[in-house]
Every structure is written in C-alpha cells, then in structure tokens.
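Undergrad: I would like to see how this sequence folds:
(chains A and B)
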Amino acid sequence: MTTITYPLSRIEGHARVVIDIHDDEVFRADFQAMEMRGFSYYVQGVPAEQITVIVPRICGVCSTAHQVASVKALEDTFGVTPPPLAEEIREVLLLGQLIQNQATSLFIFTMPDRVNASSLFEISDKPGDKERQFSLAQMALRIRKIGTDLISLAGGQFIHPIKTVIGGVTSGIPRQKADVMIKTIDELLPVANEMVDIYWQMSMEMGDRIGSWGDDEPTYYLASTEANNFRLNSKSLRLMSPEGKECQNFDPHEFESYLQIEDSDYSYAGISSFQGQIMRANSLARINLTTSFGTPMADNYLKRFVETFGRPAHAIMFFDLCRGIELVYALEKARLLLEDDLEHGETEVAYTLRDGVGYGLVEAPRGPLIHHYEVENGLIKNADFIIPTVHNMLAIRRALMVVAKRYVSADGISSELGRAVGRVVRAFDPCIACATK
Amino acid sequence: MESKKELPKFAVLQLSGCSGCEVSLLNSDEWINNFNLVYMPLVVTSNKIPEDVEVLLVSGGVRTDEDIHNLRKGASRSKKVIAVGTCALSGGVAQIRETHQARDTYLLSSHRLRLPDMLPRAFPIDRFVNVDLYLPGCPPTPELFMTALTEGKNAKIASIVCQECGRQKLQDMRPTSITGMRSGVVLPDICLVNQGYVCVGTSTRGGCGALCTRPGHACVGCRGPANPYLNKEPKFVLDNLRRVFSRMTDIPEEEINEALESPWLSLFLDQFTDYTQDESLPMRTKEKMI
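TA: Residues are numbered from 1 along each chain as shown, chains lettered A, B, ... in the order given. I've put the predicted structure just below:
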C-alpha cells in the first residue's frame, strides 16, 4: 500500500490530505485537521456573560461570526430583544466579515491556483506579467481592506470584535465615518467587479486546461439566508435536496432533529450530515438557495451564473465563483445600509441574568453557525458550537476521492494530484480552528 | 519590487492558535516592501522554513509534539525570534479553566491515529526556544506588528491603555455595583470604571490605541500587565486594580474581588504567571516587550 500525504497551505489552520492507494486503486482519501482546540471543554464553568469575549478566540478568521452568534445565544437565554438599530449594525459587521473572507479566499488563497503560482505576492519573472501581478495584488488587498474597515467600524476591533454586546451594540456608526466608507466603496466597487471578472475568466481557462470543474455527485445544500433576503444575521436554516427542491426549514433550536454531528477517527474535526446524507454549506449552498439578492450588480452575476451553470449547480469549483458574486453583493449591501442613520437612536437595551438554554444563529462565510448554551447559576454548564466547516467534511472527503481516482491510474500517480487536492480543499474554504473548536 | 530577493528573509510560523495574529499582520501591508516573505503557510505555498531567516514571527502556543519540532527547527534557522500574541506568550486561551477535570475530558477525546499527539497543556514558546522580542496582544494591532518589525527594542509604547483611551475619569460618579454591561447604555467620553464596568485598562500595557474602550467595551487586558507588574505574581496587578476600584467606586470589596478573579481577566492578566514561579524560565524584561 502507498500512502501519500499532502500538507496544505493557503487555508485557515493546520490540515493535510492523506491518500491510501493499493494496486493503483484509491481506497481512502482523508482530510485531517491536525490540532484540537477544545473550547467546548474549556468554557464549562465560565460566567455566562464572559463567554462573548472568550469564544471569538476560537478563530481569528471567523471571530466576528462567533461573537455575534455567542451574543445572540445569550440574548435567547436571557429573553432579550436588541433594538432594530443594533440589528442593522450587526448586519454591517457580518457583511464586513463576508467581504474580508471572500476577498481572502478568492485572491490570496485560490487565485494563485489559477495561474499555478505559489502566492499572490509571488512576482513573476516574465516581463509584462510582473506589472499585472503587482496591480492584482494591490487591488486584492484594497478590496479586502474594505471588509476589515467595516468590521472595525461596526465591531470596534477588526479581529475579536467587541461592540456587539448582550442587548445590542455599545455605540452607533457616526455619519462622517459612514460617509468616508461609502466613498471608498464607490471607488472600489468597479475594481471589485473587474477583479471578479478576471477571476471568473481565469477559472474558465483553468477548467478548460484541467478538463473538469470538479465532477462529483449532487448533494444536499444548507444555508440560513432567505431566498429573497440575504440577511447574514439570520433566523432559520434551509435545506435543499440534491434535485434542487427546498425540503426542510428549521429553527436553530431544532438543529438536533436535522443535523447529525459526530467525531471522526481520522481527524480532530467532527463531521455532520443530514440524516446520514452528505451536505454542503458555504457559498455554493447559499447561491443555490438564493432567488434574488436585491442589489443590481450581484443579481446580474447571479443571473449569469444560473443561466450558465443551472440551478442547483454542483461542480466543486463553483464554490469559488459564488464567493465572487457574494463579494459584490456584500459591498453593494453595506453601502446601502451605511446610507441609513446608524448614529442616532437606541443601540442597546438593559437585561437581567437568568438561567436557561439559548441558541444563536448567524450565516458565517462558511455557512450556518450555531452557538448553543446551557446556563446554570449564571455559569456556562454546557456549550455546543455547530460549525459550518463541519457540515462540509463529508463532502470534502468525497470530493477528494473523486480527484484521487481521476489522477491515480495504472500509469501511476499524476503530478497534477497535489495541485488538484489543494484546489478541491480550498474550494470549500475550510476553517480548521473552528472545525476543532 | 526588483530587489525583492535581496530584502531580509521573513518567516511566520503558526503553532496552535486561531490565525488572528496572521490576519492582523495581513492588515498591515507595509512589510511587503521591507521584507521578503519566505514562509507563511496561510498565504504562501511553502512546506518548510528556509535557512538564514532574518526574522521569525511565532504565533500560537505549543500544543502538539509537531509544534515543538517545527518551533525548534524554525528557531535554529533564524537570527531573531519574535513571540506574537497571547498564545505564544502563555499558551493562550487553551489555558482558560485549566482544571483537572476539563483537562482530563479534553485529553480523553483528543487522541487520533496518524495525527500529532496533543500535549497535556499549551505551553509558551520560550519554554523551548530563546525569544528576542515579545509582542503581546490578542491579537496585536497591525501598527504594533510594524513597530516590532521596524523599531524593535527602541519602540516607545504607551505605558497603560488609559493613556490612549480619551475617556474622562470623573470624581463624582461612583457606581455601587458592577452592572455596567447590563445597564443597556454606555455614556460616551466617560471612564468605563465610573460607569460600573470591570475595565482593567489602568493596569494593562498600552500601545493598542485603546481600540476596545473607545467604542465602549471594557478593557480585558489582552496586552498583559503594564511594565511595573512584569515578572511578578498576578497578585500585584490585582492589588493595583483593587486600589483603582476602591478609589473610583463604592462597589463592595467582595464584589470587586470576585469580578477580578474571573476567567476572562485571568486569561490575559496571568500571561506571565509561569514566569514568577519557575526560576529556570527566562526573564521577560521590559526591554524585550513591545
């Protein structure tokens, strides 16, 4: 038996892919998370109100989603409803995170794969390429920075944000700062469009070169955005069948009836399924479940995507294209929200501590995230984190089997396999810190 | 960009952590022109740290046997090692509630075939390698990263968070309980201690720009104790905080004590605790602190 190990870079956290081959036949392809964070153990016994500062540290890439989910879970426990202004500011915050994340995944993590480079910062030796690459890197970082700035504006800190608190947000967004942000978005939205078009073109060329967009069987799709309202500060989850029918709609507190979550013996990350069936979350799931964004540019891209690839679309590399559509949407939507008065009015309400159980849901960049707490005597008795990357684990494993079979034959193991493994894993944009909470 | 290859080699080694430090570093792009980034798996495909690295940034704590291996190898190939973030300095958030029960349950569930073994606890990196500079913060801001990379030991850092906060301390506004965060309102411009928050900015190292307190969240002390409390038992920084609260508030002593013993504060205020109880460990002098 031959075992090949592929260490992975340009993803969040420590992971690798291990493929077992026997007599030219692939019989195992594992995606391994290589460390265990252990938050669900360490937060037991912590005063409930303090968990909102601790759990963002599960992940520096997804800290915004964890912070908002955590606050919402405690609001559910304490029976508090934040004022509408706070909900709107939280949406700006989550849009900032979507921009930062999708820009990172598109340009820093996956664009190099399209041109067989080792990183966005690698400068080609070919004259002519050099200038173009440098300008691409600059544009990419400027777009990404809008996300970071929005998180700072709406969240206080751009990593492990602090403005979202139980009962609302600590302060509003001053008009003047909102106007500066609007100006930047107006300036960079055309640049983002251009970058998404370049990325789309590069992806088509890559697809032609490889001869595949990632063949795989259809799966279920899970998202918590609505068909006509792409709100990330979401309320319920939706599931689409492999045939494209919306087959389930459930509240976060019902998650255990729909999602089966278990440990795996080959990875420190858990795996989840819909009643044993493979699911996918993240961008492709949301796009398959979205009828309209309600913003003109994103709706144009959506139309183009559906007309070209159909609905539901299943190929693995579509995840990346869908991130581009969402990036454009998030910029447009953030701009719209910033036009509102986010400075004046009630930003938070008082609350009293009480024991009980609570659930907090948000649509994180990687899919629906649920925090579930049990509070007893003011302390966290149990904490459960339902992580989007975990919903994709079975799908990643199967997709890896598909590529491994494609590149392993009686002639040997193709050198393309290593690159293919990287492309497949990055398409799912897994977050290892989160997945091993 | 022509001379990129002649610039000093710069590597970023991530051990067990959340990637927040790396994301923060990425938010400052000034280093792109000053350094040649040769290793940082988050953004560059590169499987090993090359020889002759000028500066090695290490984030995350030592949590697996593989972490020890990578750390030693990286440090041996680098001229200068900078420890960044709470996890590299103390093991980090994994140390929270380090009770036997939590640890046992955790270890029981953390063993897998063909995967690195988890160590019984998360260790700071200077247990294993010599560290030239420490950059505390969870995470340190992009500006602090640049300060560490460019000014190093000559950096001038605000001594405490209050210096950069801008909120005013009032004589006549004395809260009687710690209920700030439940009140549903944060008054702008007024010190959070006056408003009944457990804000520890008075004893916490500055340099962060008071990012949390200015928009209205209490400082949790992520930059660690200010210079006077370095290399001292946590009792000293806690005593100072007690003095602040008794001077500025009418909150009963027991309530203050209970609040100060809370996990979210111990996570950061105890960052240096190990270094007060074990003399074999290196001294973390203020000259080495950013």
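Undergrad: quick one: the longest helix along chain B to chain centroid distance?
TA: Of all the elements of type helix in chain B, the one with the most residues (DSSP state H) is helix B:234-248. On the basis of CA atoms, centre = their mean, to the nearest Å, helix B:234-248 sits 21 Å off its chain's mean C-alpha point.
Undergrad: relative orientation of whichever helix or strand comes after that helix and helix B:234-248 in degrees?
TA: Using DSSP states H and E, the helix or strand that follows helix B:234-248 towards the C-terminus is helix B:253-260. Angle, helix B:253-260 to helix B:234-248, by axes from the mean of the first three to the mean of the last three CA atoms, to 10 degrees: 130 degrees.
Undergrad: after helix B:253-260, which helix or strand is next?
TA: That would be, after helix B:253-260 and using DSSP H and E, helix B:263-269.
Undergrad: so that following helix, near chain A or not?
TA: Yes - for helix B:263-269, a contact with chain A is found by CB under 8 Å from any CB of the partner chain, at B:Pro263, B:Trp264, B:Leu267. In this view, the C-beta of every residue, glycine as well, is placed from N, C-alpha and C.
Undergrad: what are the buried residues along the longest helix of chain B?
TA: B:Pro234, B:Phe236, B:Val237, B:Leu238, B:Asn240, B:Leu241, B:Val244, B:Phe245, B:Met248 (16 or more other CB atoms under 10 Å in any protein chain shown).
Undergrad: now the last one: how far from B:Ala226?
TA: Relative to B:Ala226, B:Met248 is positioned 17 Å away (criterion: CB to CB, to the nearest Å).
Undergrad: what does the fourth one give?
TA: Spatial separation of B:Leu238 from B:Ala226 under the definition CB to CB is 13 Å.
Undergrad: quick one: B:Cys25 and B:Leu144 touch, right?
TA: Let me fix one detail, which is that residue B:25 is Leu and not Cys. No - judged on CB atoms under 8 Å, B:Leu25 makes no contact with B:Leu144 at a distance of 10.1 Å.
Undergrad: and B:Leu149, which of the three is it?
TA: Secondary structure, DSSP: H, G, I helix; E, B strand; the rest coil: B:Leu149 is helix.
Undergrad: domains in chain B, as residue ranges please.
TA: B:2-156, B:162-276 (automatic domain parsing).
Undergrad: how about the ones you listed, which one is nearest A:Met206?
TA: Of all the domains of chain B, domain B:2-156 sits nearest to A:Met206, with 16.2 Å by CB to CB.
Undergrad: report all helices and strands that the helix or strand that contains A:Leu153 contacts.
TA: In this assignment (DSSP H and E), A:Leu153 forms part of helix A:129-155. On a contact count with 3 or more CB pairs under 8 Å, 6 or more residues apart in numbering or on different chains; DSSP states H and E, helix A:129-155 meets helix A:63-78, helix A:84-103, helix A:175-210, helix A:318-339.
Undergrad: is any part of the longest one close to chain B?
TA: No - judged by CB under 8 Å from any CB, helix A:175-210 stays clear of chain B, getting no closer than 11.1 Å.
Undergrad: and the contacts of whatever helix or strand comes next after that helix?
TA: Downstream of helix A:175-210, the next assigned helix or strand under DSSP H and E is strand A:220-223. Outside strand A:220-223, the residues that touch it by CB atoms under 8 Å, 6 or more residues apart in numbering or on different chains are A:237-242, A:247, A:274, A:277-281, A:284-286, A:288-289, A:312, A:363, A:367-368, A:391.
Undergrad: who touches the helix or strand following strand A:220-223?
TA: Using DSSP H and E, the next helix or strand after strand A:220-223 towards the C-terminus is strand A:237-240. With contact meaning CB under 8 Å, 6+ apart, strand A:237-240 is reached by A:220-224, A:226-227, A:246-252, A:255, A:258, A:274, A:279, A:285, A:288-289, A:312, A:361, A:368.
Undergrad: now swap in stretch B:209-217 and tell me
TA: Residues from elsewhere that reach stretch B:209-217 (CB under 8 Å, 6+ apart): A:156-157, A:162-163, A:165, A:170-171, B:141, B:143, B:161-162, B:164-167, B:186, B:188, B:192, B:199, B:201, B:218-220.
Undergrad: let's see which of these end up in strands.
TA: A:Val165 (DSSP state E).
Undergrad: weed out the non-buried ones from the contacts of stretch B:209-217.
TA: Here, 16+ other CB under 10 Å leaves A:156-157, A:162-163, A:165, A:170-171, B:141, B:161-162, B:164-165, B:167, B:186, B:192, B:199, B:201, B:218-220 buried among those.
Undergrad: phi, psi for the residue of the stretch 1-150 of chain A at minimum distance from chain B please.
TA: Per CB to the nearest CB, A:Gly60 is where the stretch 1-150 of chain A lies closest to chain B, at 2.2 Å. The phi/psi pair for A:Gly60 (degrees, to the nearest 10) reads phi -80, psi -20.
Undergrad: quick check: closest non-adjacent residue to it.
TA: B:Gly20 (2.2 Å; CB to CB, 6 or more residues apart in numbering or on different chains).
Undergrad: run a quick neighbour tally on that neighbour.
TA: 29 (other CB atoms under 10 Å in any protein chain shown).
Undergrad: for chain B, what's its nearest residue on the stretch 101-250 of chain A.
TA: For the stretch 101-250 of chain A, CB to the nearest CB, closest residue to chain B: A:Thr170, 3.3 Å.
Undergrad: quick one: which of the buried ones among the contacts of stretch B:209-217 sit in helices?
TA: B:Cys162, B:Glu164, B:Cys165.
Undergrad: ok, of these, which one's closest to A:Ser414?
TA: Looking across these and measuring by CB to CB, the closest to A:Ser414 is B:Glu164, at 56.1 Å.
Undergrad: next one: the residue nearest to that closest one when sequence neighbours are not counted from B:Gly216, what distance?
TA: Among residues not flanking B:Glu164 along the chain, B:Ala210 sits closest, at 4.2 Å (CB to CB, 6+ apart). B:Ala210 sits 11 Å away from B:Gly216, taking CB to CB as the criterion.
Undergrad: the two - which one has more neighbours?
TA: Comparing B:Ala210 with B:Gly216 by neighbour count (other CB under 10 Å), the higher total belongs to B:Gly216, at 25 against 21.
Undergrad: which SSE is that one in?
TA: Using DSSP H and E, no helix or strand contains B:Gly216.
Undergrad: quick one, phi/psi of it?
TA: The phi/psi pair for B:Gly216 (degrees, to the nearest 10) is phi 110, psi 20.
Undergrad: rewinding a little: from memory the residue of the stretch 101-250 of chain A closest to chain B sits against A:Ile162, does it?
TA: Yes - in this structure, A:Thr170 is within contact of A:Ile162 by CB under 8 Å, at 7.5 Å.
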